[in-house]
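A.B. asks: Let's see this in three dimensions:
(2 chains)
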Amino acid sequence: MKNKPFNSFEMAQAQFDRVADILSLDPAARDLLRFPQREFHFGIPVHMDDGTVKIFRGFRVQHNDARGPSKGGIRFHPQETVDTVRALAMWMTWKCAVVDIPLGGAKGGVVCDPHNLSNREQEQICRGWVRQVARNVGPVQDVPAPDVMTSAQHMLWMLDEYEAIHGGKYPGFITGKPVGLGGSAGRTEATGFGVVFTVREALRELGIRPQDTVASVQGFGNVAQYAIRLFQHIGGKVIAVSCWDQEDGRAYSYRKKDGVDLDALLGITDRFGGIDKDKARDLGYELLSGDAWLEQDVDILMPCAIESQITGDNVAKIHRRVRLIAEGANGPTTPEADRVIAERGIYMIPDFLANAGGVTCSYFEQVQSNANYFWGKDEVLGKLDVTMTSAFQAVSEMARRQKLFMRDAAYVIAVSRVAQACRQRGWI
Amino acid sequence: MLPVPAVPRFDRRFFDGTERFTRIGEGAVGGKAAGLLRIHDVLQNGLDPAEFPGILVDIPTLTVISTDLFEAYLERNRLHEIALSDEPDERIAAAFQRADLPAELLGDLRALVEQTRTPLAVRSSSLLEDALYRPFAGVYGTKMIPNNRPDADARFRALVEAVKFVWASTYFAAAKGYIRATDHSIADERMAVVIQEIVGRRFRDRFYPVVSGVARSYSFYRSGPARPEDGVVNLALGLGKTIVDGGLVWSYSPAHPAVGPPFASPSALLDETQTAFWAVQMGKPPAYDPIRETEYLVHCPLADAEEDETLRWVASTYDPDSDRLVPGTGRRGPKAVTFAPLLLLDEFPLNPLVKRLLAVCESGLGEKVEIEFALNLRSPSQGPSSLGFLQVRPMAVSGERVEITAPETQAQGLLLSSDNVMGNGVVEGIRDVVYVRPEGFEARRSREAAAQISRLNRELLEAGIPYLLIGFGRWGSSDPSLGIPVGWADICGAKALVEATIPAMNVELSQGSHFFHNISSFGVSYFCVRHDGSHRVDWEWLARQPAVHESESVRHVRTGSPLGVKVDGRTGRGVIRVEGEAR
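C.D. replies: Numbers count the residues shown, from 1 in each chain, chains lettered A, B, ... in the order given. Below you'll find the model as predicted:
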């Protein structure tokens, strides 16, 4: 058992089981919600630039759509597994429910590494993915979005294919489109800003001023970049970021004790969020190990990269100064680490609450696309802040009232909302 | 100066929060907000509610967007260049509208509109105003929004646009001119924004207070039996914009509430008192125009107030049989806004309340003050009436002792004299005079004259040359038939202003009411000279002076000998003498 590889879906189910016990859910509800409602597994044949044909494995998992059309991103990742996609689909269900938007949860993926694919090859994968599930996704069924290593360009290829198949204009089919082509202003900032909206509220509860805090961030992709931006705007200081180095095939942490200069770092970062380590050194950054972000003498940790980064093996390395963890990534903390964090009394903003800004803004984009009307950035971000803040307050109030760990409180709210929707529809 | 009390953070509950004065952001709150925050405790401690039973006196609920967010807005949207440019106001306003508000502000604004459905005033609160301890009255924009659309998105958009408009107004031409006259740079200015509930009630599609008022505990000119230290009160029906814009208002001294302004006859009074009032438009949304300050305002005739049954509080009725005005609206006949039901019939203790507020504020701040207020009047059966305290500003009162006797005003060697002068003190060494040419002047030329004066003011200001300005009718009137329609920024380089009449523009003079605060804080003297009175302007002498610039309606001359301006604030007498020249 000790050497069994980590399985995200088992972790998601374990988290669900725990909440189901707290809520005393009936067996039917447990059985329905422990597994996805639907799964699509398929192969996508692509004629590669070198003349060969390669089959890429693709998935779409729709966990639950009792509260509305499913919503979830499409990941391009070489280590993608269907269990990861299942777990992420389930988390999407909870995420939409915890921020109380009328959507269900889904996730998709393709086992591939875009770093090694030309644009044409990636386009073929996108179009092939849509052809496989065109009848089972759409504005009123399941709405995909960008995720790990997919972008607005990928979404446009997918939208184009979907519209070609269905013979019409369906901007509400997919979100994460570029602004001007049905995308929403504020979408780029939404997830990272959302993380910081919840951090701001948590600090308020802890009675700490943002100006008096220092943070360390794992990741330097879209979520991390905008989280750092807004965190600095509200007065906080970030001293370390970490990111994956494609060349070396490992992660590094970059530290500057008087605070990272976001714009300077962005100037030496590639489109996947990889920082040029030589230029970073020239700018005065210390180059540390990939795990070092976790060990920093800071008040706040923001894991904004990928899942399973704070584990039973490294949780003890978290500095005693840390008061708050905001999970910008999906599932960055394993249950084992979670228990230690709870015992240490560190305030935890769980992933599906902290990073729900992205899906909330995707929902706003969907609404705008379906109405073929657009809102200004002020309007989008204003609504986003209120939605995120209300969700945070509901969770924190539940945690306080029921004496629950924040993650459990968020789950209790989310799962009970979904279970209630299933009951009201007469499913269970 | 009293310190500014600490202001708690806006907790996203505007009306039902634990705090009624809150802030968004971590920076400074600016002069207007600071004034209100300072005076809040003074009012709480100094005014016993039992003194005026059945009347609620308070500062309306407000939240302040502090200056750090203004700075973030400029910086993140790279607005500095256009802000400091010479682009027209509309261009600057449009650029500000296109820019995005700081993300950290948006959630609070959104939360605010989601829980409020009553009209809001979005006002400027300037940092320089507070730093210089100098009132910046009417320099920056204010926007009133109805905030009553069922859709929260629409309410949010209106609020966001209003905040951006007020921020843009920091860089409008009028504000730039004003700041230049203070020897400061507009680049030093930082703008906080006060979002405040509007005092008033909804009457059909209009929302307004029955009475708006500005009261000063010291008046720089004598009027009837009143002494300067008795102060002065200006009242208007509806929103206070009528007063701020220098419109037709009712003016009286708190020591003599029954004595109104002098009018030649009841029919003259009917012509020269308020005939229209400002209200917030609550009905059908107006044409979209976020860069117009009055986008959501409506200018209503008195008949609307009569329909709303608000006129009964403020009007008298003309009785042609006796050729006199009868307080109240109980009989048929033309109505005049004289505030007689409040000031003569004491239907509401307006004057005692205003006097008390002035005394409390003066004692709290330790100096002469100007206050702004709005009244929400109700019959006892409708519930308590309320007075919303909107603003308090310190008044600059010169202590210099100057004496001018009556014979001195008739002496030889004077360019002009008057026994109706506002200000106090002596200014010497002025050589430049800008004046509206009296020969052939017609009211239709007022706008043209205003534009030329504005240009000359700018040139003289840039050259650092002080000057004397002479014109006809009411300086600053928005109605060109009543005077020269300039803003303060158009004339802010003048060291003395002269308001004269000629037969072609024979109106009741403003006596500086429009620019009152600017005049007093910059120490500008304000002369009123009526052509049919006992004092004169020596137009012939002016005509003999060499012109630096002249057009059909305006002349700029540079005199061979310097001019000396002398004003006795206690008697209201003033002279402008040509120094050292035998004439």
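A.B. asks: Neighbours of B:Asp41, how many?
C.D. replies: 12 (other C-beta atoms under 10 Å in any protein chain shown). Every residue, glycine included, has its C-beta placed from N, CA and C.
A.B. asks: What of the one 5 residues further on?
C.D. replies: For B:Gly46, the tally of surrounding residues (other C-beta under 10 Å) stands at 15.
A.B. asks: And B:Glu197, by the same measure?
C.D. replies: 18.
A.B. asks: thinking it is in contact with B:Asp58, fair?
C.D. replies: No - taking contacts as C-beta atoms under 8 Å, B:Glu197 lies outside contact range of B:Asp58: 10.6 Å.
A.B. asks: Mind telling me what element the residue in the stretch 51-200 of chain A that chain B sits nearest to is part of?
C.D. replies: The stretch 51-200 of chain A approaches chain B most closely through A:Phe193 (5.6 Å), counting by C-beta to the nearest C-beta. Element membership of A:Phe193, judged by DSSP states H and E, is helix A:187-206.
A.B. asks: List the buried residues in that helix.
C.D. replies: A:187-204 (16 or more other C-beta atoms under 10 Å in any protein chain shown).
A.B. asks: do you know how far the residue of the stretch 51-200 of chain B found nearest chain A is from A:Ala410?
C.D. replies: Chain A sits closest to B:Gly107 of the stretch 51-200 of chain B, with a gap of 2.5 Å, by C-beta to the nearest C-beta. Counting by C-beta to C-beta, to the nearest Å, the gap between B:Gly107 and A:Ala410 amounts to 20 Å.
A.B. asks: higher neighbour count, these two?
C.D. replies: Legend: neighbour count by other C-beta under 10 Å for B:Gly107 and A:Ala410, higher for A:Ala410 (32 against 25).
A.B. asks: How about the backbone phi and psi for the residue in the stretch 251-400 of chain A that chain B sits nearest to?
C.D. replies: At 2.5 Å from chain B, A:Asp385 is the closest residue in the stretch 251-400 of chain A, using C-beta to the nearest C-beta. Torsion angles at A:Asp385 (phi, psi; degrees, to the nearest 10) stand at phi -60, psi -50.
A.B. asks: so what's B:Val565 closest to, chain neighbours aside?
C.D. replies: Counting by C-beta to C-beta, 6 or more residues apart in numbering or on different chains, B:Val565 lies nearest to B:Val427, which is 4.3 Å off, once chain neighbours are set aside.
A.B. asks: in the helix or strand containing the residue of the stretch 51-200 of chain B closest to chain A, what's buried?
C.D. replies: Per DSSP H and E, B:Gly107 falls inside helix B:103-115. Across helix B:103-115, burial judged by 16+ other C-beta under 10 Å covers B:Ala103, B:Glu104, B:Leu105, B:Leu106, B:Gly107, B:Asp108, B:Leu109, B:Arg110, B:Ala111, B:Leu112, B:Val113, B:Glu114.
A.B. asks: The fourth one touches A:Asp378, doesn't it?
C.D. replies: Yes - the pair formed by B:Leu106 and A:Asp378 meets the contact definition of C-beta under 8 Å, at 5.8 Å.
A.B. asks: intersection of neighbour lists for those two?
C.D. replies: B:Val160 (C-beta atoms under 8 Å, 6 or more residues apart in numbering or on different chains).
A.B. asks: Need the three-state assignment for the residue located most distally from the centre of chain A.
C.D. replies: For chain A, the largest distance from the centre (C-alpha atoms, centre = their mean) belongs to A:Gly51, which lies 35.6 Å off. When classified by DSSP: H, G, I helix; E, B strand; the rest coil, A:Gly51 comes out as coil.
A.B. asks: rewinding a little: show me what the helix or strand just after the helix holding B:Gly107 packs onto, helices and strands only.
C.D. replies: Per DSSP H and E, the first helix or strand lying C-terminal to helix B:103-115 is strand B:120-126. The contact analysis (3 or more C-beta pairs under 8 Å, 6 or more residues apart in numbering or on different chains; DSSP states H and E) places strand B:120-126 against helix B:30-46, strand B:142-145, helix B:152-169, strand B:191-197.
A.B. asks: just to revisit the earlier point, helix or strand: which one has the residue nearest to B:Val565?
C.D. replies: Per DSSP H and E: strand B:425-436 holds B:Val427.
A.B. asks: Okay, now the sheet partners of that strand, with direction.
C.D. replies: strand B:467-472 (parallel), strand B:554-568 (antiparallel) (DSSP bridges).
A.B. asks: averaged over its residues, what pLDDT does the last one have?
C.D. replies: Strand B:554-568 shows an average pLDDT of 90 in the prediction.
A.B. asks: Likewise for the first one?
C.D. replies: If you average the pLDDT over strand B:467-472, you get 93.
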